[in-house]
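Asker: The following block contains a protein sequence and its predicted model.
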Amino acid sequence: MSCAGLLVLVALATCSPPGRPIVAEVYYDAIGDDTGQEYVELFNPTSQARSLHGARLEAGDGAGPGRWTLRWTGGPGDSVGAGGRFLIGGAAVTPAPDALATLELQNGPDAMRLVWPDGAIEVVGWGAHAFAEYACGAPTPDVASGLALARVPDGSDRGGNDLDFRPAPPSPGRVNQPARDAAAARGTLDLEPAQPSPGAPCRLSGRWVNRGATPIAAGALAAVAEAVGADGVAIGLATFTLDATVAPAESVAFAVDLAAPPAGKWRLVARARLAGDEAPENDADTLLARVGPGPLRIVEVQFHPAAGEGEWIEVANRSGVRLDLDAFTLADRNGDPGAVDGGAPLSPESLAVLAQDPAALLARYPGLDPGRVRRVHPWAALNNTDDAEGVADIAVLADIDGTPCDRVAYSAAGVPAGVPLERGDDGGLVPALDPLGTPLAPPRTLPPLAGALEVAPRRIAAGADVRMSWSLPWDARLTLELHDLAGRRVGALRPEGPAARRGEFAWRAAGLPPGLYLVTLRARAADGSATLTRTLPVRLRGSTP
Amino acid sequence: MRRGTPPAIVALALTALAAPLEANAQDFVAPGPPLAPGSPLAALERGTMPASSRFALASAAVRWHGVSGLDTRAIAAAAGWRSARIAAGLSQTGDPAVGWTAAGLAAGVAHRAAGAGIRAVGRRDRTTPFTAPPAPDDLGVEIGGAAWVEAGAGLDVWCSAPQLWNAGAAPPLARGMELGLRARGEAWSLWLTREAARGPAGRTGVHTAGLALALPPVTAWIAGHSSPARGAFGLSARAAGIAVAAEVEGHPVLGETVRLSLGILGQ
């Protein structure tokens, strides 16, 4: 093959006319109103300045063939220096464009093309096109709002729009892929536990991405973590270095152990530090966090209503000031936050019920103060079945800006049907002593016990009720079993499930022949650190059948 | 007891004051392998008449599953003339809130190779002082019986139905019919029992297997029970006509059951 033939093939395998500026970035779908925010960036990869006089920028409507509309024409003074960029766009673009134009580019399938005075054309298309004229090779997929179509690397020309362009944060007037750029993967910053106590150990984690064209060597990427308070004052939390090599376009996770800052709302910031970073604007990720208790506390959860009252969650105002409940959201482990209806502020130390269906709840509990029963919409349905880790769901209360306020996980195992859960002494949720629950009322309390287990009465007739009371040194998973005098298991009176330190269980002695039975309490601490077993006899009176 | 009995059999006889090892006994239970030749407690608890006609006196104490308010204390005596046997005893179990007092009487016939008898136990709940008239609901009685036979050389079988007939207040524990088989040698015995299920529907019978080894004056035994699976270990000793025995039985959920006995066997 002759040299000329090879050049022809190479030219056919590219999308950009050789030796002249190329389209480097297209921003056609800003978040919200696009007016004045759209732009097209041209990049001159050659070593000589190039005039744009007579060049035309046209928008293509992929809905039909031949629908090209002129948006801009280069004037005599328009040119691009060697290695320079030329920005064509609206008045709202920053930095100010070299040429102002209303581009009115649309979501795909759509396109734009740059037509040179000598007839050379460069086409960039996005979305699924039915007509070949609207793309070079395969078009790029549509990008999400707020992202631009960026040629990466900046001089890429591999013979197809889909090969040369990728979604990227807008970078008008700047290089699309710097040689060196460590960026935060936005939205990956996380704190565990989500709401630590002041000074308590916690772990901040997230991801960095190498958006540069060259690898980042191990040890070259450092980071700082800080907490910024409402007054804008920052507290340094940690400085750390990543020991991994990060290839271009690869990401790397980080996690740093630190001590939680003082109580309050904080904006946690993790910022990458890389010598020679060419895009410092993408170095940081942020997370709204709360240290210590929030102003509202979840005190009771009804996740399995049995009388049609809908699910509900009782909260207490522990802030010491009146609170507007519509400044909070409620969600489950995976759901979108639900908004709380407004109303009169909640007084300090007062209770309110956040309800799936306030009308049904008030019908079930007619004595409730309607002013303190608020609808949450959408309501995130609380799960009734435990996962492999023994957690059915997590009730998550947050400020309207997403700052955590309170969260509590619960297990549904062993909770009698329809019985709500109340906050136990260690903060976990345990079945309420009152099987109907205590919405808008403090939890029922019980007098102290002399021992770990009491059973009363201990001599009963068939069909009578027996009250079993326990007092444990810790919140527990607890079961009550029945054996006969010979040690044979008769059955479980209360299947294993979460229990408060002090609790009661009512058992109706029905369906058993008369005789002597042994009630056995078996409890193990919620953290598994201890167990306890107690047995008391019960005499079921009656004649031999 | 046969004259000239081998030492091993004598050793087994040292458990004479011990009642059959059985999960489902209640008022007169005491530690030891089954078919003890001269046990007044066994005669009252199950109706198995002892082969020996000698006078015997025994006391027993049981702590059921480690429950402090559920101790059993029993005393019994037995005597015989020719083939006739008779035993009587008193027992009390548990605190007044749940407990009861029992009186037992057993009578039957036995000789060296077979025996049969009936037993009756009357109970009164401890709801009222013993000096006060009992409430009608506090009184109950059960009558049952048992028989055993030496089926072959060193092979005994027995059947016990301790609650053939009940009246008044139900017994604390419903007990089913038990079938047993024992093989014995010079210094050992091995037994298997099965007690039929009684009580709430869905119950299963209880199987027991045990092994006793004698090294006079001491006898040691182990046993395993089903429903639920559990094991027991015991020791007995005798000197100068006085015998003591102790047994501990574990349980996967409940506490341990401890059985003790002290007795005198007439010459």
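Answerer: The structure has been received and is ready for your questions.
Asker: Now do the contacts for residue 72.
Answerer: Since you didn't name a chain, this refers to chain A. Counting by CB atoms under 8 Å, 6 or more residues apart in numbering or on different chains, residue A:72 touches A:56-57, A:88, A:99, A:101, A:103. Every C-beta, even on glycine, is put in place using the N, C-alpha and C of the backbone.
Asker: that's the wrong chain, I meant chain B
Answerer: Contact analysis of residue B:72 by CB under 8 Å, 6+ apart lists B:26-27, B:29, B:60-62, B:64, B:91-94.
Asker: try residue A:516
Answerer: A:484-485, A:537-540, B:70, B:94, B:98, B:172-173.
Asker: Next step: the residues you listed restricted to strands.
Answerer: Among the contacts of residue A:516, the members falling in strands (DSSP state E) are A:484, A:537-540.
Asker: which of the contacts of residue A:72 tops the neighbour count?
Answerer: Each of those was scored for neighbours by other CB atoms under 10 Å in any protein chain shown, and residue A:88 scores highest at 25 neighbours.
Asker: what about residue B:243, which helix or strand?
Answerer: Using DSSP states H and E, the element containing residue B:243 is strand B:242-249.
Asker: tell me how far that strand is from the chain's mean position?
Answerer: Mean-position distance between strand B:242-249 and its chain equals 12 Å (CA atoms, centre = their mean, to the nearest Å).
Asker: Stretch A:259-267 too?
Answerer: On CA atoms, centre = their mean, the centre of stretch A:259-267 falls 20 Å from the chain's centre.
Asker: Now do that stretch: distance from first to last residue.
Answerer: From its first residue to its last, stretch A:259-267 covers 15 Å (CA to CA, to the nearest Å).
Asker: do the same with stretch A:29-47
Answerer: Start and end residues of stretch A:29-47 are separated by 32 Å (CA to CA).
Asker: So for that stretch, what gets flagged as buried?
Answerer: For stretch A:29-47, a neighbour-count test (16 or more other CB atoms under 10 Å in any protein chain shown) marks A:29-30, A:34, A:36-46 as buried.
Asker: before we move on, the earlier item: looking at the contacts of residue A:72, which are in strands?
Answerer: Reading strands off the contacts of residue A:72 with DSSP E, I get A:56-57, A:88, A:99.
Asker: Looking at the contacts of residue A:516, spot the one nearest residue A:365.
Answerer: Set against residue A:365, the nearest of those by CB to CB is residue A:538 (34.5 Å).
Asker: Correct me if wrong: the closest one contacts residue A:517.
Answerer: Yes. Counting by CB atoms under 8 Å, residue A:517 is a contact partner of residue A:538 at 5.0 Å.
Asker: Which one of those two is surrounded by more residues?
Answerer: Shown here are residue A:538 and residue A:517; by other CB under 10 Å, residue A:517 has more neighbours (25 against 22).
Asker: still on that earlier bit, which members of the buried residues of stretch A:29-47 define the maximum pairwise distance?
Answerer: A:34 and A:46 (31.7 Å).
Asker: is residue B:190 in a bridge, and if so with what?
Answerer: Partner residues in beta bridges with residue B:190, using DSSP bridges, are residue B:183, residue B:211.
Asker: My guess is it contacts residue B:208. True?
Answerer: No. Applying CB under 8 Å as the test, residue B:190 and residue B:208 come out as separate, 11.5 Å apart.
Asker: ok so, going back, out of the contacts of residue B:72, which two sit at the greatest distance?
Answerer: Spanning the widest gap among those are B:60 and B:94, at 15.0 Å by CB to CB.
Asker: Neighbours of residue A:231, how many?
Answerer: 6.
Asker: that older thread, just name the closest of the buried residues of stretch A:29-47 to residue A:480, please.
Answerer: residue A:29 (62.1 Å).
Asker: restrict the contacts of residue B:72 to contacts with chain A.
Answerer: Applying CB under 8 Å from any CB of the partner chain to the contacts of residue B:72, one finds that B:26, B:64, B:94 fall near chain A.
Asker: which ones are touching the second one?
Answerer: By that I understand residue B:64. Residues near residue B:64 by CB under 8 Å, 6+ apart: A:485, B:70-72, B:257.
Asker: can you pull out the helices in the chain?
Answerer: Going with chain A. Taking DSSP state H as the criterion, chain A contains helices spanning A:3-12, A:161-164, A:358-364.
Asker: you looked at the wrong chain, it should be chain B
Answerer: Using DSSP H, helices in chain B cover B:7-13, B:40-45.
Asker: mean pLDDT lowest for which of those?
Answerer: Mean pLDDT values for those show the minimum at helix B:7-13, a mean of 34.
Asker: can you give me the strands for chain B?
Answerer: Going by DSSP E, chain B shows strands at B:56-63, B:71-81, B:84-93, B:100-111, B:114-125, B:139-152, B:155-168, B:178-184, B:188-195, B:206-215, B:218-225, B:230-239, B:242-249, B:257-265.
Asker: Could you dump those strands into a markdown table with mean pLDDT added?
Answerer: Output for these, formatted as a markdown table (pLDDT from 0 to 100):
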| stretch | mean pLDDT |
| --- | --- |
| strand B:56-63 | 96 |
| strand B:71-81 | 95 |
| strand B:84-93 | 96 |
| strand B:100-111 | 96 |
| strand B:114-125 | 96 |
| strand B:139-152 | 95 |
| strand B:155-168 | 95 |
| strand B:178-184 | 95 |
| strand B:188-195 | 95 |
| strand B:206-215 | 96 |
| strand B:218-225 | 96 |
| strand B:230-239 | 95 |
| strand B:242-249 | 95 |
| strand B:257-265 | 94 |
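Asker: Out of those, which is closest to residue A:403?
Answerer: Nearest to residue A:403, of these and by CB to CB, is strand B:230-239 at 56.2 Å.
Asker: Close to chain B: what parts of chain A are there?
Answerer: Checking chain A against chain B by CB under 8 Å from any CB, the hits are A:458-459, A:481, A:483-490, A:511-516, A:518, A:520, A:522, A:533, A:535-539, A:541-544.
Asker: Just the buried residues of those residues.
Answerer: Buried by 16+ other CB under 10 Å: A:458-459, A:481, A:483-490, A:512-516, A:518, A:520, A:522, A:533, A:535-539, A:541-542, A:544, out of those.
Asker: Using the record's assignment, carve chain A into domains.
Answerer: Domain ranges of chain A: A:3-168, A:182-291, A:296-431, A:453-541, per automatic domain parsing.
Asker: In JSON lines: those domains, plus mean pLDDT.
Answerer: Shown next, in JSON lines, are these (pLDDT from 0 to 100):
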{"stretch": "domain A:3-168", "mean pLDDT": "91"}
{"stretch": "domain A:182-291", "mean pLDDT": "94"}
{"stretch": "domain A:296-431", "mean pLDDT": "93"}
{"stretch": "domain A:453-541", "mean pLDDT": "91"}
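Asker: As JSON lines, those domains with distance to residue B:138 would be great.
Answerer: Below are the domains of chain A laid out as JSON lines (distance: least, CB to CB, whole Å):
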{"stretch": "domain A:3-168", "distance to residue B:138": "82"}
{"stretch": "domain A:182-291", "distance to residue B:138": "59"}
{"stretch": "domain A:296-431", "distance to residue B:138": "35"}
{"stretch": "domain A:453-541", "distance to residue B:138": "9"}
